[in-house]
Each structure stands twice: as C-alpha cells, then as structure tokens.
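[1] sequence-free structure coming up:
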C-alpha cells in the first residue's frame, strides 16, 4: 500500500493510499491519535453517509462510534453560517481540545472540516478521508482550508495540516463519471507542472483510467499526491514554488466566477484554464508547439468539458480580483515543456484576451 | 520608551509602551510593514473612533489614510455574523494578502481583529493598538484571538501573533474608572503568578496607580507585558507554562457564565476567581496565610468589585465546561507564595464548593 510522507515546517504526516481502507479506519486512526478513547467527530454529507456509513463504521467498536455531523453537499454551502452551526454542534457534543474531526467527503467537506479544526478551541486535530478524485489527488493534501464569501471563493481560511490522509480507491466506484473526469484534470495538471512521467502515463493510458480501472487510478492518485507532497514540503505557505499548483487556475477561477460556480465543476473550469495558459505560452514562444498539442489533447481526452457562455472581457476582468494577486499583480503559471512551468507576473491584458478568445473558439469546436 | 520583545516559534515582534504614541503611528507602522504603500484597515468601535480619530489619523498623509471598519462595542458582538460582515467589507475594499489590519480598541476589538487577520485569505498581518488597560496588560500580547459561540466564550479562534503592539498610556485618560480597575486586576494576577516585584509595587502604590498617574501606570503596564512576553515566549500554544496565566480564570469564567456576561467586567470576575483560588491554596496548606491575606487585600484594593447573585453549585458546575479542560480534567492554578503558582488537576468539587462559598461570603462583606 503506497504511503507518502508529507513533511512541512508545521507538521509531518502520511497519506495512505489503497483499496479497502475504509473498513479498517478505526485502528489506523487510534494509532494516529495515540489513544483509542479520543472522541471522534465525522463531518460528511447525507449522500456520502448513506453510501458509505456501513463500511466506515465497520471497524469501530459499538461503544466508540464517532459522532456524525451532517453538512449539505455543494460549494454554495461552504459558508460562514454553516461553519458556525457545525461549531455549535461540536460544542454541544462536548468536543474538547483532544477531540479529532474526520472529513469524509469531497473538497467542500475537506475544506470546511479543516477550517473547523483550525478554529475550534484555537485548533484541534483532523483527518482527511477524501471521497472524490479531486479531493484525493489535490485538496486533501497540503493543509489549505477555506470557506467562501459573497465576494469570492476561499477568501477565508487557514493553513492547518491534517493528522493523516486515508485515500480509499474503492470509494471512487460510486463517483459520478463527470466528477471522475473533472478530478483527473488535476492529475493532468500535476503531470504538466512537475511530473512528466505521470503525464505520459495519462496520455497513453487514458482508456484504462477513464474506465475507472482501480490499478490505473491508484497509480494516478499516488503520483499526483507525491507531486503535491513534494511541493507542499518545500513551500507550505505558497510564497514561491507552491504557486505552480495554480496552473490553469488564474483563468479557471475567473471562468468559475463568470459562470457563477453553477455551470462547471472546478476541474472542468481548470481544464479550460490550462488550455488558455498553454496558448499564452505558445504565443510567447516559450513552449514548443508539439508540447502544447500534447497538453491540449490530453486535457481534452479527459473531457468532455462542458461549454459555457461568458464574455471574454468579463473573464479577463475577473482575473484581476484573484486572491493570489499581490499589489495588483496578476500571477500566471505558464508551461515551458511537458513537466515544467514558470511563474510570471507580466502577462498583459491583451495576451489574456487573445488566449481566452482562442480557448472559447476551441471550446466551440471541441467542448461538450 | 520601554520596548519589550516577544519571541515565539512563529513570530518575533516588539511591544512599544509610551505616552503620546498614537500621533506617531504612521511612520512606526510603515517601518514594520516595510512599505509606506501597504493598505491599512483600522477596526475600531464608533465610541473609540469618535474619541481618538484625530490623534490616530494625525500622522498619516492625506492620500494614505487607513480604511476604517466600525464594529459595535461589547462582548455580545464578538460573534461569527459580525466576523463575516467585516470579512466581506475587507473584500469589498480590496484588502489583499499584503494588507495590514490595525486593532484600535479593547479586548473585543483585539480578539476579533486578530481573528479576521488569521483567516482572511488564510492569514494576513495585523497590529494591536490597545485602548483599555485590560487589553494593554494582557490580551493584546500573545496572539490569542477569538470569538464566542452560544455554547461559550472564545470557543473559536486562532493563535495569530501581531506584527507589533503599540501601547499609548495617554489613551487610558478616557477610560472609565471601573474599566481601569478591572484591568489592574490582570496586573495583580501578573504579580501573583510570576512577578513579586510588580505585586509589591501594586501593593504599596495603589493610590497613585488608582489615580491614573501615567508614570505609575506605565510601570505597571511594562512589568505586566514583560511577564506575559516571557511566558508566551516559552509556551506559545499553552501546552504548559502559559496555563499559569489562567490564575483566577477557572472560577472567574464560571462566574462570568453564571451571570451571563452581563453583571461583571472580565477583570472583576477574575478578581473573585483569584480570591477563590487563593482560598483553595490556604485550605490545602500550600500557601502561607500571610501571603493569602496580602493577595486578597491587594485584589480588593483594586476594587470595588461588584457583588453578584449566582448559586454556588451552578458556578462549580460551570467550571466543568471550561475549554481548558482536557478529557474531563479541570485545571486549576493555585498560588503557593506571592509570585509563584502551581498547575494542579486534582481540585475536588468539595474544595471548589467550599472556596466558592467562602468567596461569596467575603463578597457580601467586602464587595461593592
């Protein structure tokens, strides 16, 4: 079973990846917390709980079942009011400083549970058990937690590393195909920015991966997590290297905002964003055209990516309010080859407009 | 001008104490932020702003005045809804990761501003400019931030150290006498737990201190901050030594909760709590009676402390839900001499009942 160590200045923990992990959690968690009597609280959605509660609870003794806190699914519920009500529930259920939260769900559950753990009693421990591919390959590792404001996504949050991450590939069986594909886009990203081997594997084995072959998925997840762990280990707080994880995200976030977070899954918006960033690289002459074609084709292979409607100018304007900007500077991650990117701050509005137009044109031809 | 360094594993900063600091803030802050163009946001109450805005703004150039965010005063507003609305204001005013918040106010403003800074964009910088004695001698130093839940005070928060603390003794001129006295109780606490010299000074100079003599107050504030800085430097996250700062707080918090945070100021509740803890020490025979008399008399000298009504049993029961407890264990800080305390976990309910009864009896005789 692959075990990947994450070592940051604030924490050291393992990401365990395997099949059939869920029914073995109890003893794994007791080992991590150091005590079988630690009080556990699971945060999850009604849908996930219905699907997986039997397996999840299988390993816990009858008198030591975790307390379950249900949170509605969907990005629109990643809000302060929901956080407060979960915090009140924790307090009512006598969660104390030694208690441990377990995030059983996708990115929204992971973000919100991590944030709860970061701020309840000024910080308690938590464990990630991601149930979507997106959460498995990306958001469950690295300690970013967040909730949304009216003014934007993830504008509020903390860095708070989990005590451990348990990734059960078997959980992906119940994942809707569109979500599997959207999650795979983050792995394509991992390949483009720092893992040429992963990229080649995804390029050549798209059939097995898209069929949901567990062995293939385990390989993709493991490589993606390894990349993330390396980057986060070098730059936990995103002062430098970690910014490369935002490849595709500058325009991707703008597309999500322009479509009000309703038309596209996060991974799908990022897919269009990766294509746009790739086109900027080509225009600049910093990325060989052959590499660009491979990147675009591989992104599209993990489609279909839905079409959307939004004015080019609006998308570009929305990149101006990205929270990654500092003192008005837009940051862009541009590929220079398959497996290597550069962080630049001098992408002009004209370049963005052009690349966004080209991307929308491509979308008309090859979007779903 | 006294400058006290705070050095913790996560931050190094100075606490500057002096008179007439407020009209000199602009250049001091620019020095700290490293750039005169950093965007500044002041969080304060309408009352404080009305009193001090002229002096506060005096040193800022016309085109670089901080954005002002007003927050109603009072513990009852230290809630999630208020935090969210302030966060939305920050976003609307384009606060970014380089922006700096300034807490201009008492403990509530400091706690809430620190929390805003801890979670806005996963953490931005902030500066403390405490305007009450309580905030000056205690809450502005050490990085604890917090908001309240229905279930209890400060149940939510973060450890987030400020970039700097500026304590202007002149601000205390407009502080209501009851608040001055309540704040001085935290300095009595500082003396009892770790600063026998400060205790002796407060014991013998209560007249000058209570008159608000600036020199005397500067001395008290400086010694209190020095003590706090030392303790926080040794144990930032309250895993050991820092717990001694909770002397008087176990029963003090219970008294605040029993009186629904309405009848007593925090410092006043702590005053009763210190007396109760002192009585427990005497009963246990771990504190010479002569020392106990000095502690009780000095606490009362900085009164009058208001009387309140609450059943003894209820107060004791409420110590059970203190957030400092772990796995059901109540922590108590007990004085063993003037200037030295012990952390114990074996105080029985009978001891607490007895000490609380004795304290309430004393309150009938000597409370206000």
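    On my side now, so go ahead. Worth saying up front: this structure is predicted, and the values here are computed from it rather than measured.

[2] residues touching residue A:289, list them.
    Remark: with contacts taken as C-beta atoms under 8 Å, 6 or more residues apart in numbering or on different chains, residue A:289 is in contact with residue A:282. C-beta coordinates here come from the backbone N, C-alpha and C atoms, glycine included.

[3] from chain B, how far out is it?
    From residue A:289 over to chain B the distance is 36 Å, taken as C-beta to the nearest C-beta, to the nearest Å.

[4] let me see the backbone angles for that residue.
    When read as degrees, to the nearest 10, the backbone of residue A:289 gives phi -60, psi -30.

[5] mind checking how far the most centrally placed residue in chain A is from chain B?
    Ranked by distance to the mean C-alpha position of chain A (C-alpha atoms, centre = their mean), the top residue is residue A:139 at 3.1 Å. Noted for residue A:139: a distance of 14 Å to chain B, by C-beta to the nearest C-beta.

[6] pLDDT at that residue, what is it?
    Per-residue confidence for residue A:139 comes out at a pLDDT of 95.

[7] which ones are touching it?
    A:107, A:110-111, A:130.

[8] and with 7 Å instead?
    A:107, A:110-111 (C-beta atoms under 7 Å, 6 or more residues apart in numbering or on different chains).

[9] need the worst-confidence member of those residues.
    Per-residue confidence over these reaches its minimum at residue A:107, where pLDDT is 94.

[10] how about that one, nearest residue that isn't a chain neighbour?
    If you skip the residues right next to it in sequence, residue A:107 has residue A:139 as its closest partner in space, 4.3 Å away by C-beta to C-beta, 6 or more residues apart in numbering or on different chains.

[11] roughly how far does the residue of chain A most remote from its centre sit from chain B?
    Here chain A reaches farthest from its C-alpha mean at residue A:63, the gap being 34.2 Å by C-alpha atoms, centre = their mean. Separation of residue A:63 from chain B (C-beta to the nearest C-beta): 16 Å.

[12] then residue A:226?
    Using C-beta to the nearest C-beta, which is the criterion applied here, residue A:226 is 24 Å from chain B.

[13] that residue - that's part of a helix, no?
    Yes: the assignment for residue A:226, made by DSSP: H, G, I helix; E, B strand; the rest coil, places it in a helix.

[14] identify the residue spatially nearest to it, adjacent ones excluded.
    Using C-beta to C-beta, 6+ apart and skipping the chain neighbours, the partner closest in space to residue A:226 is residue A:4 (5.5 Å).

[15] same question for residue A:83.
    Taking C-beta to C-beta, 6+ apart, and ignoring the residues beside it in sequence, residue A:83 has residue A:147 as its nearest neighbour in space, at 5.8 Å.

[16] ok, the closest residue to chain B within the stretch 151-300 of chain A - contacts?
    Distances from the stretch 151-300 of chain A to chain B, computed as C-beta to the nearest C-beta, single out residue A:151 as the nearest residue at 3.4 Å. With contact taken as C-beta under 7 Å, 6+ apart, residue A:151 is in contact with B:88, B:91-92.

[17] restrict the residues you listed to contacts with chain A.
    B:88, B:91-92 (C-beta under 7 Å from any C-beta of the partner chain).

[18] show me where the stretch 51-200 of chain A has its strands.
    Counting by DSSP state E, counting those that start in this stretch, residue ranges of the strands within the stretch 51-200 of chain A are A:67-70, A:100-105, A:125-130, A:144-149, A:152-159, A:164-168.

[19] can you say which of those is nearest to residue B:186?
    With respect to residue B:186, and counting by C-beta to C-beta, the nearest of the strands of the stretch 51-200 of chain A is strand A:152-159 at 28.4 Å.

[20] could you give the angle of the closest one to strand B:152-159?
    Using axes from the mean of the first three to the mean of the last three C-alpha atoms, to 10 degrees, the interaxial angle of strand A:152-159 with respect to strand B:152-159 works out to 90 degrees.

[21] quick one, strand A:152-159 and strand A:144-149 angle?
    140 degrees.

[22] not counting strand A:152-159 itself, show me its contacts.
    Judged by C-beta under 7 Å, 6+ apart, the contacts made with strand A:152-159 from elsewhere in the structure are A:115, A:118-119, A:143-149, A:236-237, A:253, A:321, A:323, B:87, B:91, B:118-123, B:158.

[23] from the residues you listed, list the buried ones, please.
    When the contacts of strand A:152-159 are checked for burial by 16 or more other C-beta atoms under 10 Å in any protein chain shown, the buried set is A:115, A:118-119, A:143-149, A:236, A:253, A:321, A:323, B:87, B:91, B:118-123, B:158.

[24] what secondary structure does residue A:236 sit in?
    Classification of residue A:236 by three-state DSSP places it in coil.

[25] got a list of what it touches?
    In this structure, residue A:236 makes contact with A:8-10, A:143, A:159, judged by C-beta under 7 Å, 6+ apart.

[26] hmm, 8 Å instead?
    Residues in contact with residue A:236, defined by C-beta under 8 Å, 6+ apart, are A:8-10, A:142-143, A:159, A:161, A:242.

[27] ditto for residue A:19
    Neighbouring residues of residue A:19 by C-beta under 8 Å, 6+ apart: A:168-170, A:214, A:218.

[28] what residues does the stretch 1-150 of chain A put near chain B?
    By the rule C-beta under 8 Å from any C-beta of the partner chain, the part of the stretch 1-150 of chain A lying against chain B is A:37, A:80-81, A:83-84, A:87-88, A:91-92, A:94, A:96-98, A:115, A:118-123, A:144-146, A:149-150.

[29] keep only those of those residues that are in helices.
    If you go by DSSP state H, the residues of the stretch 1-150 of chain A next to chain B have A:80-81, A:83-84, A:87-88, A:91-92, A:115, A:118-119 in helices.

[30] the residue farthest from the centre of chain A and residue A:36: what is the separation?
    Note on residue A:63: its distance to residue A:36, by C-beta to C-beta, to the nearest Å, is 11 Å.

[31] can you name the residue of the stretch 1-150 of chain A nearest to chain B?
    Proximity to chain B, evaluated over the stretch 1-150 of chain A using C-beta to the nearest C-beta, is greatest for residue A:91 at 3.4 Å.

[32] check what pLDDT the residue nearest to residue A:83 gets.
    Model confidence at residue A:147 (pLDDT) stands at 95.

[33] per-residue pLDDT, residue A:321?
    Residue A:321 carries a pLDDT value of 66.

[34] likewise for residue A:290?
    According to the predicted model, the pLDDT of residue A:290 comes to 98.

[35] could you do the one 4 residues further on as well?
    Note on residue A:294: pLDDT of 98.

[36] what helix or strand does it sit in?
    Taking DSSP states H and E as the definition, one finds residue A:294 inside helix A:289-301.

[37] circling back to that earlier point, please pick the buried ones from the contacts of residue A:236.
    Among those, those classed as buried by neighbour count (16+ other C-beta under 10 Å) are A:8, A:142-143, A:159, A:161, A:242.

[38] next, format these as a markdown table and append pLDDT.
    Below are the buried ones among the contacts of residue A:236 laid out as a markdown table (pLDDT from 0 to 100):
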| residue | pLDDT |
| --- | --- |
| A:8 | 96 |
| A:142 | 96 |
| A:143 | 96 |
| A:159 | 96 |
| A:161 | 98 |
| A:242 | 96 |
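
[39] quick check: the farthest pair among the residues you listed?
    Within the buried ones among the contacts of residue A:236, two members stand farthest from each other by C-beta to C-beta: A:161 and A:242, at 13.4 Å.

[40] quick check: neighbours shared by these two?
    Any residue near both residue A:161 and residue A:242 by C-beta under 8 Å, 6+ apart counts here, and that gives A:142, A:236.

[41] low-confidence ranges, chain A, go.
    Where chain A drops to pLDDT under 70, the residues are A:321-328.

[42] all helices of it, in order?
    According to DSSP H, the helices that chain A contains are A:25-33, A:46-57, A:80-92, A:107-119, A:133-134, A:177-194, A:196-204, A:206-211, A:214-234, A:249-258, A:266-284, A:289-301, A:312-318, A:349-366.
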